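**Q** Build me a model:
(2 chains)
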Amino acid sequence: MRRVIRTLVRLYPRAWRSRYGQEFDHLLEDLPPTPRTVVNICSHLVSVHLRHISNLPRSTTRAAIMRQTPERFAMLGAAVLVPTALLIGLSVLKYYLGVPAPFDAVEPAVTPLVTHPLGETVVTLAPYVAFLLAVVPVTRMGLRWESGRLRGTLSVAAPAVNVGIATVSVALAVFMAIYWVAENL
Amino acid sequence: MVRRRGGDPGLLVLISVAGGPKHGHAILLDIESFAGQRLGPGTLYGALERLEQDGLIEAMPSEDRRTPYRLTGEGDRYLTARVGFLRRLTTAADQRASS
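**A** This is a model prediction of the structure:
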């Protein structure tokens, strides 16, 4: 439980951690690590992130918010990707690398979820959703009519975390596509 | 009978630090002792942030990674006004509930 709490604390915005992080860590060391504490921290974590976004000037457009906080969208993409990445990672370990123990340990709990139509859809779509979350906020596209010609521009300014999440998303999507072709054709 | 739990965390923190500067854990223990309410760490820091931004409390130099907070002059005036308002409400409620 303490590990979960430490992980949650690392997810606070950097500005918040630099101001309150040390004293907050100290407080958490003094408190019993209960599920209630975890829920309370999750709730506060979400409100701090929302406040950080809403503190941007009122005139800021949604697109501008995405451009100013692209790492947050990438982290959201990472969270969406976790179940799919775990499932594929453990499957690769078992079926390609001959290490069955981790997959066998989670299989009883995971199988009902991924065989349910909703679970299957979520796992399948996750790489695409994560890719969009990582890429859209860092991409600027423009189309304009100029001198009788349609002129299009595309520019990308991506932080490392967005590049990483986009790359992992593409890798997982390609792996799933190859696997699907191999199984069905 | 309908039971409603909890109070305004900001007010509870103000009352706590009005008794003298305290760090986070001491504030939680103090609130539990006088209000019988155990705030979560996120709730406490949400209240501390808001009160600090509003200038009602201020952080003192850290002691051993703990940061004590104390009431500011503005916080003292706000707390006095708020307690006066609550006292008037309590008086009105007492008179009407017993009649």
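
**Q** And the helices in chain A, which stretches?
**A** Counting by DSSP state H, one finds helices in chain A at the ranges A:2-10, A:14-16, A:22-30, A:35-54, A:62-68, A:70-95, A:101-115, A:117-135, A:160-184.

**Q** would a markdown table of these with distance to B:Leu29 be doable?
**A** For glycine as for every other residue, the C-beta is placed from the backbone atoms N, C-alpha and C. As requested, the helices of chain A are exported to a markdown table (distance: least, CB to CB, whole Å):
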| stretch | distance to B:Leu29 |
| --- | --- |
| helix A:2-10 | 19 |
| helix A:14-16 | 24 |
| helix A:22-30 | 9 |
| helix A:35-54 | 15 |
| helix A:62-68 | 40 |
| helix A:70-95 | 35 |
| helix A:101-115 | 39 |
| helix A:117-135 | 42 |
| helix A:160-184 | 39 |
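
**Q** between those, which gets the lowest average pLDDT?
**A** Between these, the one with the least mean pLDDT is helix A:62-68; it has a mean of 61.

**Q** so how far is A:Leu185 from the residue nearest the centre of chain A?
**A** Central residue of chain A (CA atoms, centre = their mean): A:Ala78, 2.0 Å from the mean position. Counting by CB to CB, to the nearest Å, the gap between A:Ala78 and A:Leu185 amounts to 32 Å.

**Q** what does A:Met1 give?
**A** Counting by CB to CB, the separation of A:Met1 from A:Leu185 is 47 Å.

**Q** Once you drop chain neighbours, what's closest to the residue nearest to the centre of chain A?
**A** Across the structure, with CB to CB, 6 or more residues apart in numbering or on different chains as the measure, the residue nearest A:Ala78 apart from its sequence neighbours is A:Ile165 (5.3 Å).

**Q** Show me what from chain A comes close to chain B.
**A** Applying CB under 8 Å from any CB of the partner chain, one finds that chain A approaches chain B through A:20, A:22-28, A:30-31, A:36-37, A:39-45, A:47-48.

**Q** Noted, bye for now.
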